[in-house]
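A.B. asks: sharing a model that was predicted from the sequence below.
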Amino acid sequence: MIYLAIALCGISAYLCVCCLRVRRQRKSPEWEKSLSISFFFGAIGFLWLPFWLGMTALQWSRDGEKALLLLLFLPLLWPVQLGYLNWWLRYDDAGFTWHGPLLGKARSYRYEEVTEIRRGSWQTAKGATPGYEIIIRCGEKHFTVSPDQNNYRELLQLLSQRVPRERWKREDRSKPDPYNHNAPNSWKNLFLSLMIPAMFLGLLVFEFIRFHLGYYSREDFTLLLILSLSLLLLSLGWTVLTLVVVRHPERHNPSLRKLAAYWVGSGKELGMPPDPVTDPLFPEEDV
C-alpha cells in the first residue's frame, strides 16, 4: 500500500509541475498565436493534492497505514489536468497545428485543407463571452474553437481571409448533433455535469473505506450505501438525459429543451436562434 501511495502522489505532483511548466511556456512569444484551455483546469490539481494529503495525514494519526486508502481518490483529477496539458491550437499565416485532449497527438493542416467551417449558435448564457462556437473540419477530423478561448477572434479573422466563403456553413438545428455543437461550450458544462455523479461515486468509495476502517456498523453502512447509490443513480440519470436532449433536441418537447439548455449554459434554447446574431468576422451565407 505504501508503494502505491507513493506512486499516486508522485504522478499527481508530476502533473502539477507539468501544468506550471506549460503555463509558463504558453506565456512565451512562441505561443503568442495559440488557443488553449484556461489554466483554471490545471490549477484544480494544486488544490486537490494538498487537500487530500492533509486529509490522509489527519486520518493517519488514528488508523495508521490504512489511511493511505484515501489516496485512491487522487486520480479523479488527472483527466482534468491532462486536458489542460494536451488541448491546444497554434496557428500562423500558413496553417495551424492542433493537439487533441488527453492523450491525443498533434496534427498540422494548411488552410487549403480545411474542408468546412461550421458556425454553431451564438452564446447567450449570462457572463459568456459573445461569439459563435466554430467547428473546423479537415476531412474526417474536426475540432471546436470557443469564444471563451484566448485569440479566438484573431483566428476567426484569419480563417475568414484564408478559407473560401462557400466552405462556411451554419449548423443545422433540425438534425442530430453527435458532438453537441448546437450548445456553445456544451462539452465543458456536460463535463462538469459528469463531475456530480463522480462526486457521489467518490462519496460511496469514501464511505466504503471508512466502513472498512471500522467507523460504521453494518446497519449504518447499509443506510449510507442506499443513500449514496440513490444520489449516484439520480445524478447519472440526469446527466445522460441532458446529453440525449442536447444531441437530439428535435425529438423532445420545448420545456425539456429549455431546461437542458439552461443546464449546459446555452441560454434559453438549444441550437441556432430563429434570427441569428451576425458577426462581422463571420462570412454570411446566402440563406
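C.D. replies: Perfect, thanks for sending it.

A.B. asks: now for the one helix or strand in the chain whose mean pLDDT sits lowest, which elements pack on it?
C.D. replies: Lowest by mean pLDDT, DSSP states H and E among the helices and strands of the chain is helix 186-212, with a mean of 72. Helices and strands touching helix 186-212, by 3 or more C-beta pairs under 8 Å, 6 or more residues apart in numbering; DSSP states H and E, are helix 218-247. Any C-beta I mention is one placed from the backbone N, CA and C, and that applies to glycine too.

A.B. asks: next secondary structure element downstream of the helix it packs on?
C.D. replies: Later in the chain than helix 218-247, the nearest helix or strand by DSSP states H and E is helix 254-263.

A.B. asks: mind saving the C-alpha coords of that next one as PDB?
C.D. replies: Listed next in PDB are the C-alpha coordinates belonging to helix 254-263 (Å, rounded to 0.1, in the frame of the first residue of the first chain):
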ATOM      1  CA  PRO A 254     -39.800  22.600 -25.600                       C
ATOM      2  CA  SER A 255     -39.800  22.600 -21.800                       C
ATOM      3  CA  LEU A 256     -37.200  19.800 -21.700                       C
ATOM      4  CA  ARG A 257     -35.100  21.500 -24.300                       C
ATOM      5  CA  LYS A 258     -35.200  24.800 -22.400                       C
ATOM      6  CA  LEU A 259     -34.200  23.000 -19.100                       C
ATOM      7  CA  ALA A 260     -31.400  21.200 -20.800                       C
ATOM      8  CA  ALA A 261     -30.300  24.500 -22.500                       C
ATOM      9  CA  TYR A 262     -30.000  26.200 -19.100                       C
ATOM     10  CA  TRP A 263     -28.200  23.300 -17.600                       C
END
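
A.B. asks: so for that helix, what's the average pLDDT?
C.D. replies: Confidence over helix 254-263 (mean pLDDT, whole number) is 77.

A.B. asks: follow-up on the earlier one: okay, the angle between the least confident helix or strand of the chain and helix 254-263?
C.D. replies: Angle of helix 186-212 versus helix 254-263, following axes from the mean of the first three to the mean of the last three C-alpha atoms, to 10 degrees, is 80 degrees.

A.B. asks: how far away from the center of its chain is helix 186-212?
C.D. replies: Its chain's C-alpha centre and that of helix 186-212 lie 16 Å apart, by C-alpha atoms, centre = their mean, to the nearest Å.

A.B. asks: need the helices for this structure, in chain order.
C.D. replies: 2-25, 39-63, 78-86, 152-162, 186-212, 218-247, 254-263 (DSSP state H).

A.B. asks: okay, those helices, which one's buried deepest?
C.D. replies: helix 78-86 (a mean of 19; mean count of other C-beta atoms under 10 Å).

A.B. asks: okay, the angle between that one and helix 186-212?
C.D. replies: 140 degrees.

A.B. asks: where does the prediction get shaky in the stretch 151-287 of the chain?
C.D. replies: Residue ranges of the stretch 151-287 of the chain with pLDDT under 70: 171-192, 213, 247, 264-287.

A.B. asks: could you do the stretch 1-150 of the chain as well?
C.D. replies: The stretch 1-150 of the chain contains residues with pLDDT under 70 at 1, 102-103, 121-128.

A.B. asks: and if we set it to 50?
C.D. replies: By pLDDT under 50, the stretch 1-150 of the chain has no low-scoring segment.

A.B. asks: mind putting the helices of the chain into JSON lines with distance to Arg170?
C.D. replies: Compiled in JSON lines, the helices of the chain are given as follows (distance: least, C-beta to C-beta, whole Å):
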{"stretch": "helix 2-25", "distance to Arg170": "35"}
{"stretch": "helix 39-63", "distance to Arg170": "30"}
{"stretch": "helix 78-86", "distance to Arg170": "28"}
{"stretch": "helix 152-162", "distance to Arg170": "15"}
{"stretch": "helix 186-212", "distance to Arg170": "17"}
{"stretch": "helix 218-247", "distance to Arg170": "18"}
{"stretch": "helix 254-263", "distance to Arg170": "18"}
